[in-house]
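A.B. asks: Sequence isn't available, so here's the structure alone:
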């Protein structure tokens with residue numbers, strides 16, 4: 001008895017060692033072939049088998065491993081008898097055993113198990129989560145009485161194989177997704193490259209078109225001003241050759257219309273890159289504001305208005321002087337257009353954190369809240385009685401933007417309007 005018990009104990013130890021070696025080889029496996037090699041090398045020491053078949057199904061995809069005579073075949077099963085047998089075992093959910101001594105095993109005909117040497121067949125179904133199952137079937141050349149320990153070994157083989165197969169499927173899925181992702185990234189790269197080329201082409205076309213429009217814009221406005229000057233000259237000449245008061249009144253009104261039209265063309269001309277030379281120099285703001293004050297002094301006197309300014313700059317500002325002339329000119333004219341009695345225009349310039357800050361204010365009519373968002377629109381007039389061209393503030397903002405600056409407005413109806421302009425003191429070269 002002691003000798004028999006010792007032999008059984010030694011046999012069980014060998015089986016566990018074989019199972020441990022099988023688990024180690026599976027852990028190293030990186031392909032289905034590696035799994036087949038591990039089964040071929042160790043399964044015969046774990047369980048007494050002449051033919052071993054493992055059928056694994058996960059999310060509708062099935063793979064089979066058949067180990068016989070030291071060779072493992074790996075394939076996808078077709079709708080054959082053994083597959084029907086396995087599906088029946090899986091549906092039943094219980095281990096199944098067959099012995100030739102009980103009669104022919106009809107369900108295994110026309111399968112690898114239909115071998116004269118096979119006298120005993122047993123199958124163990126195991127179901128896992130996520131539509132994963134495995135059926136492990138063994139065949140022996142002699143009828144053996146299976147015990148619970150045999151099924152535990154079969155279950156261990158099934159669990160180890162199922163886990164590794166699931167891992168390899170996930171790895172393959174990741175590789176497939178990575179390959180697809182790489183393909184899509186390459187496609188996106190090509191599309192971006194084509195898009196960049198398209199953007200460059202379209203940008204060049206738009207730039208050329210804008211340049212052409214600016215050229216046309218400048219030349220057209222310039223050409224219009226020449227006949228206007230002729231009309232002004234003819235009107236002045238006509239005043240010298242007639243004393244008719246009605247005719248003189250008509251010439252005066254004609255002169256006013258021509259002046260207004262000439263002023264509009266001058267504003268439009270400012271927006272053209274050809275309107276003046278682009279040479280830069282240190283901007284003398286005091287001189288600019290003195291000259292503009294002299295220009296508008298008569299209109300200020302007519303409405304009882306005043307213009308005061310103060311300049312405090314801690315560093316030089318090199319820029320195109322004409323840009324600031326036009327900014328201040330349009331703001332002052334805008335204040336005079338929407339004036340009220342006792343108009344006061346105040347202009348303060350100072351440096352703050354590397355910026356030139358301009359605070360322009362007046363105590364005129366103010367801007368209604370409902371229209372304050374539209375005041376920079378081209379040809380927008382605040383109300384129907386406005387005599388302006390609707391271009392002044394549009395021109396101002398365009399010029400401020402061209403300097404890399406920002407303009408803000410605050411206003412209270414019938415009380416005040418403040419414009420705040422911030423421009424970098426150091427302009428890009």
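C.D. replies: Good, I have the coordinates. Bear in mind the structure is a predicted one, so any value in this text is a computation, not a measurement. Numbering: from 1, shown residues only.
A.B. asks: what's in contact with stretch 330-348?
C.D. replies: Outside stretch 330-348, the residues within contact range by CB atoms under 8 Å, 6 or more residues apart in numbering are 267, 289, 292, 296, 299-300, 303-312, 328, 358-365, 382, 386-388, 392-393, 395-396, 414, 417, 419. Where C-beta positions appear, they are placed from N, C-alpha and C, glycine not excepted.
A.B. asks: Weed out the non-buried ones from these.
C.D. replies: Taking 16 or more other CB atoms under 10 Å as the criterion, what is buried in the contacts of stretch 330-348 is 267, 289, 292, 296, 300, 305, 307, 309, 328, 358, 360-365, 382, 388, 392-393, 395-396, 417, 419.
A.B. asks: So which of the residues you listed sit within strands?
C.D. replies: Here DSSP state E is the test, and these give 307, 309, 358, 360, 361, 362, 417, 419 as lying in strands.
A.B. asks: okay, and for the stretch 301-429 of the chain, where does confidence drop off?
C.D. replies: Residues of the stretch 301-429 of the chain that meet the criterion pLDDT under 70 lie in 379-390, 429.
A.B. asks: ok, which stretches of it are helices?
C.D. replies: Secondary structure of the stretch 301-429 of the chain (DSSP state H, counting those that start in this stretch): helices at 321-337, 392-402.
A.B. asks: follow-up on the earlier one: farthest-separated two in the ones in strands among the buried ones among the contacts of stretch 330-348?
C.D. replies: Greatest spacing in these, by CB to CB: 309 and 417 (16.5 Å).
A.B. asks: Tabulate the helices of the stretch 301-429 of the chain (CSV), appending distance to residue 371.
C.D. replies: Formatted as CSV, these follow (distance: least, CB to CB, whole Å):
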stretch, distance to residue 371
helix 321-337, 14
helix 392-402, 11
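A.B. asks: I'd like to know which of these is closest to residue 235.
C.D. replies: Of these, nearest to residue 235 by CB to CB is helix 321-337, at 23.0 Å.
A.B. asks: Report the angle between the closest one and helix 392-402.
C.D. replies: Angle, helix 321-337 to helix 392-402, by axes from the mean of the first three to the mean of the last three CA atoms, to 10 degrees: 150 degrees.
A.B. asks: which one is residue 295 nearest to, not counting chain neighbours?
C.D. replies: residue 329 (7.8 Å; CB to CB, 6 or more residues apart in numbering).
A.B. asks: Does the one you found touch residue 292 like I think?
C.D. replies: Yes. Between residue 329 and residue 292 there is a contact under CB atoms under 8 Å: 6.0 Å.
A.B. asks: overlap in contacts of these two?
C.D. replies: Between them, residue 329 and residue 292 share no contacting residue, judged by CB under 8 Å, 6+ apart.
A.B. asks: can you pull out the strands in the protein?
C.D. replies: With strands called from DSSP E, the chain shows them at 51-58, 61-68, 71-75, 96-99, 120-128, 132-140, 281-282, 306-312, 318-319, 344-352, 355-362, 406-412, 416-424.
A.B. asks: do you know which of those strands lies nearest residue 25?
C.D. replies: That would be strand 71-75 among these, by CB to CB, at 12.5 Å.
A.B. asks: So for the closest one, mean pLDDT?
C.D. replies: Here strand 71-75 scores 91 as its mean pLDDT.
A.B. asks: One more: stretch 253-266?
C.D. replies: Computed over stretch 253-266, the average pLDDT equals 69.
A.B. asks: Walk me through the domains of this protein.
C.D. replies: Per automatic domain parsing, the structural domains of the chain span 2-166, 278-424.
A.B. asks: and residue 227, which of those domains is closest to it?
C.D. replies: domain 278-424 (18.9 Å).
A.B. asks: Near residue 157, how many other residues are there?
C.D. replies: Using other CB atoms under 10 Å, residue 157 has 26 other residues around it.
A.B. asks: can I assume it is in contact with residue 18?
C.D. replies: No. Applying CB under 8 Å, one finds residue 157 not in contact with residue 18, separated by 10.2 Å.
A.B. asks: any idea how far residue 288 is from the residue lying closest to residue 309 once chain neighbours are set aside?
C.D. replies: What sits nearest to residue 309 in space, not counting adjacent residues and going by CB to CB, 6+ apart, is residue 347, at 4.0 Å. Residue 347 is 10 Å from residue 288, where distance means CB to CB, to the nearest Å.
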